[in-house]
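[1] Fold the following.
(2 chains)
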Amino acid sequence: MSPIDANVYYVPHKSRWPFVAVIGMFLCMVGAANWLNGHEPAGQIILTIGALTVIGMMFGWFGNVIGESLKGTFNNQADSSFRLGMMWFIMSEIFFFAAFFGGLFYIRTLVVPWLGGAGDKGIITNGYIWQGFSAAWPTNGPQAVGGAFTATSPWGIPLINTLLLLSSSVTITIAHHALLAGKRKRLIGFLGLTILLGVIFLGFQAHEYWESYVHLNMTLHSGIYGATFYILTGFHGLHVTIGTIMLIVIWLRCMRGHFSRDHSFGFEAVSWYWHFVDVVWCCLFLFVYIL
Amino acid sequence: MSSTAQAVHYGEHHQSFFERWFMSTNHKDIGTLYLSFSFLMLFVGGSFAMLIRAELFEPGMQLMQPYFFNELTSMHGLIMIFGVIMPSFVGLANWMIPMQIGAPDMALPRLNNLSFWLLPFAFILMLSTFFMPGGAPAAGWTMYPPLVLQGGESIAFLIFSIHLLGISSVLGSINIIATVLNMRAPGMDLLKMPMFCWSWLITSFLVIAVMPVLSGAVTMVLFDRFFGTNFFNAAAGGDPVMYQHVFWFFGHPEVYIMILPAFGIVSEIVPVFSRKPLFGYKAMVFAIACIAFLSFLVWSHHMFTVGLPLGGEVFFMYATMLIAVPTGVKIFNWVATMWKGSLSFETPMLWAIGFIVLFSIGGFSGVMMALVPADFQYYGTYFIVAHFHYVLVGGALFSIIGAVYYWLPKWSGHMYSSFWGKLHFWSSVISVNVLFFPQQFLGFAGMPRRIPDYNVAFADWNMVSSIGGFWFGATQLIFVGVVIHCVFFSKQKATSRVWEHAYGLEWTLPSPAPHHSFTEPPAIDDSQLAHGTLTH
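    You can find the predicted model right below:
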């Protein structure tokens, strides 16, 4: 590493990757929208090209940044900027989930009781439109949209999944301490364990979805319960998937010795993200499964 | 490679057109892209407004099918909000924040480029819907279900373009926060920062908190339409009003996203041409923070007539009226800044004063609508249209134009024609009132918004309003001329200070400013700051 002059500002090279990223995302959106509108196979083809562009962009852009990082291009100020960037990105993700949680709370505390006749509004709504519907949760509404279904018990797979994710937060913290202490074997071992726990979590969740669809008749169409259940757990599962991929990348980088005590932004960013995913799951377990 | 070599290497050297504009890591070039793009979109969205006013020129159906009218009103709103006001503020932030805090560039320049380039592609997606089976989205810019679900092929494109716009503005805001918190020159304390930086710092928090919520809301619409969920179907236990709650949890802070940077701009301009420091700098900062905080607690005032429980209506009424307090502090402080100042009325000052007056009119009608019983009369009428156009045209747009007149000499290195700038102002400020003031009468009288035809009783004021609209629209062509002349043809060099009483780091740089504003942290001289130790 070359010495960094703290008195001179750092501004990165020009890069073609942001523009490539935009093209890739644009093609993904065009493809997905065409697919949804039934234009097949054009939609799938465009979506695939877009997705490949995005994946290629990620290899290119992140590879570029990793290379710069290893050359010691980034000074402390740049490092702080990256940290702030990741922190506020996670904050925006929290608000993304907050939208669905907010929707769920509104439905459960107000809408369903109103449909069941509670309050001034409810008397009219229930009396004239939805006679005989009594509020309960889970529900698929006065017209039982999607047919009778059974909600998953929180004390089976969801409980195991909670324990899995909680312990994965512990293992990644142990890995972080190992990194700070310079114990590479321990770092790689515990990071690998974290990935394993993430993958098992995803496997269990896939199994749970399959059970719900095949045996419990609990689907996306199962009224408001199915809708809120799948959008919350689904987006969480997507984030676990992304987090696991990020962990794998960081694991490979650890094996190549990319990180050190003073040079660990990539590792920390991923561990923050993983903790965020974990906290979201705890909220899901409480508000979607138990209550 | 040492950073010194890089700082030199990435100075002004020859670069191809593609390298400069598509691969940029330069805050000025990206700021120019943002401003040019929003300028273009102003005329796209504006042309829709002209068509709307043409159809409303007299009662009866003249020019278009009702459904196309609905497409125009919906797209006009979406374009003006996401394509004009928001990007032009981001463009101003890009240009000015690094120069005002003594930074070389934004904190995350490549992310900055990504944020910008998402915008044009998002609008390609959105505008392409005009040519699709079923036409463009026609359910209003608020995209309420169940109506929006009845659109044609446009829905998926609309929702995905909203996603891209959301990603763009969140990434842009992350960048602004990182820049303000991390890139200030040593000695530039937070409470010495220019008001524009403060306003954008707080706005960025709002963007990060609410744009993802909009993405969530439209994602639920997407699922209802394409994946068989029932979020907004009461028969399945859902509720269309749930969308409104989630949407306006985004929507109300969004209103402040579009006005807080304007507050910052006006707080920059007014002291300079009053030759006095800003009155109550700290109070101004705290007032912005208060407004931002309160903006999260008032969303249901957009939904007073949907049948909220009484307790909710009362809470949101009082919370909304509370916002008038910090807003009043701001207006008071601008007026107090001018009080006994040596006022001069250069072009930017005219726009800033125009802002204060017009925004106050819009603000007052806002307080009227905050009253639940009164709002039952105003809801869904032209009074609402008049209100938000006063704050968004007379407020946000006026401040943006004022900012361009204020900083354009710094950007281009040339002075513009102040005669044409002033003519632009006077023509705009008169026509904007001819345009929107009568809409308040129409709203009081009960004319509903979002309709292509109306009762003959509303005829005269609609004609007046339309004349004002065409006049205002044509006036903006002056702006194009002034800017193009200034950038490409003006012979009159601008000095580095440009305005006699302008203080702050941006005025210590030559005009035009060097490619990377500061390659090393500048020494901060408190007496030369706009809001430092105020000795001047």
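[2] count of neighbours near residue 269?
    I'll assume chain A. A:Ala269 has 19 neighbouring residues, counting by other CB atoms under 10 Å in any protein chain shown. For the C-beta atoms, the positions are set from N, CA and C on the backbone; glycine is no exception.
[3] switch to chain B, that's the one I care about
    Residues lying near B:Ile269 (other CB under 10 Å) number 29.
[4] A:Ser134 and chain B, how far apart?
    12 Å (CB to the nearest CB, to the nearest Å).
[5] Now that residue: closest residue in space, sequence neighbours ignored.
    On the basis of CB to CB, 6 or more residues apart in numbering or on different chains, the spatially nearest residue to A:Ser134 that is not a chain neighbour turns out to be A:Gly116, at 5.1 Å.
[6] Equivalent analysis for A:Thr228, please.
    The shortest distance from A:Thr228 to any residue other than its chain neighbours is 4.7 Å, reached at A:Leu104 (CB to CB, 6+ apart).
[7] just checking, the one you found touches A:Val288?
    Yes. The pair A:Leu104 and A:Val288 passes the contact test of CB atoms under 8 Å, sitting 7.3 Å apart.
[8] which residues are common contacts for these two?
    Residues touching both A:Leu104 and A:Val288 comprise A:Thr228, A:Leu232, with contact defined as CB atoms under 8 Å, 6 or more residues apart in numbering or on different chains.
[9] ok now the helix or strand harbouring A:Ile248, how far from the chain's centre?
    When elements are assigned from DSSP states H and E, A:Ile248 belongs to helix A:223-255. The offset between the C-alpha centroid of helix A:223-255 and the centroid of the whole chain comes to 4 Å, using CA atoms, centre = their mean, to the nearest Å.
[10] Quick check: which element contains the residue in the stretch 101-250 of chain B that chain A sits nearest to?
    Nearest to chain A, among the residues of the stretch 101-250 of chain B, is B:Gly216, at 2.8 Å (CB to the nearest CB). Secondary-structure assignment from DSSP H and E places B:Gly216 in helix B:195-226.
[11] how much does the helix or strand just after that helix deviate in direction from helix B:195-226?
    Later in the chain than helix B:195-226, the nearest helix or strand by DSSP H and E is helix B:240-257. Computed by axes from the mean of the first three to the mean of the last three CA atoms, to 10 degrees, the angle separating helix B:240-257 from helix B:195-226 equals 160 degrees.
[12] hmm, helix B:240-257 in reach of chain A?
    Yes. Part of helix B:240-257 sits close enough to chain A to count as contact by CB under 8 Å from any CB of the partner chain, namely B:Val241, B:Met242, B:His245, B:Val246, B:Phe249.
[13] want to throw these into CSV with neighbour count, pLDDT and distance to B:Leu111?
    Putting these into CSV (neighbours: other CB atoms under 10 Å in any protein chain shown; pLDDT from 0 to 100; distance: CB to CB, whole Å) gives the following:
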residue, neighbour count, pLDDT, distance to B:Leu111
B:Val241, 21, 96, 37
B:Met242, 22, 97, 33
B:His245, 20, 97, 32
B:Val246, 24, 97, 27
B:Phe249, 26, 97, 26
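[14] I'd like these as TSV, with distance to A:Tyr10 appended.
    What follows is the residues of helix B:240-257 next to chain A, written out as TSV (distance: CB to CB, whole Å):
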residue	distance to A:Tyr10
B:Val241	50
B:Met242	47
B:His245	44
B:Val246	40
B:Phe249	38
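[15] ok, back up a step: which is the succeeding secondary structure element to the host helix or strand of the residue nearest to A:Thr228?
    Assigning secondary structure by DSSP H and E places A:Leu104 in helix A:76-106. Next in sequence after helix A:76-106, counting helices and strands by DSSP H and E, comes helix A:112-115.
[16] That next one and chain B, are they touching?
    Yes. Using CB under 8 Å from any CB, helix A:112-115 reaches chain B at A:Val112, A:Leu115.
[17] Show me what the helix or strand just after that helix is packed up against.
    Moving toward the C-terminus from helix A:112-115, the next helix or strand (DSSP H and E) is helix A:119-124. Where contact means 3 or more CB pairs under 8 Å, 6 or more residues apart in numbering or on different chains; DSSP states H and E, helix A:119-124 is packed against helix A:112-115.
[18] how close does the residue in the stretch 1-150 of chain A positioned nearest to chain B get to B:Phe436?
    Across the stretch 1-150 of chain A, no residue is closer to chain B than A:Ala99, which sits at 2.8 Å (CB to the nearest CB). A:Ala99 sits 33 Å away from B:Phe436 when distances are taken as CB to CB, to the nearest Å.
[19] same deal with B:Gly504?
    Per CB to CB, B:Gly504 is found 34 Å from B:Phe436.
[20] out of the two, which sits in the busier spot?
    Under the neighbour definition other CB under 10 Å, B:Gly504 and B:Phe436 were set side by side, and B:Phe436 has more, 25 against 22.
[21] For that one, list the residues it contacts.
    If you count contacts by CB under 8 Å, 6+ apart, B:Phe436 has them with B:Val385, B:Ala386, B:His389, B:Tyr390, B:Val393, B:Gly394, B:Ser465, B:Gly468.
[22] Could you tell me how many residues sit around the last one?
    For B:Gly468, the number of neighbouring residues by other CB under 10 Å comes to 21.
[23] and it, what does it touch?
    Taking CB under 8 Å, 6+ apart, we find B:Gly468 in contact with B:Ser431, B:Val432, B:Asn433, B:Val434, B:Leu435, B:Phe436, B:Pro438.
[24] Same list, those, but as a markdown table with distance to A:Gly72 and pLDDT please.
    As requested, the contacts of B:Gly468 are arranged in a markdown table below (distance: CB to CB, whole Å; pLDDT from 0 to 100):
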| residue | distance to A:Gly72 | pLDDT |
| --- | --- | --- |
| B:Ser431 | 58 | 98 |
| B:Val432 | 55 | 98 |
| B:Asn433 | 60 | 98 |
| B:Val434 | 62 | 98 |
| B:Leu435 | 58 | 97 |
| B:Phe436 | 58 | 97 |
| B:Pro438 | 65 | 97 |
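[25] Closest one to chain A out of these, please.
    Compare each of the contacts of B:Gly468 with chain A using CB to the nearest CB and the shortest gap goes to B:Phe436, at 32.9 Å.
[26] before we move on, the earlier item: any of the contacts of B:Phe436 buried? List them.
    Of the members of the contacts of B:Phe436, the ones counted as buried by neighbours, 16 or more other CB atoms under 10 Å in any protein chain shown, are B:Val385, B:Ala386, B:His389, B:Tyr390, B:Val393, B:Gly394, B:Ser465, B:Gly468.
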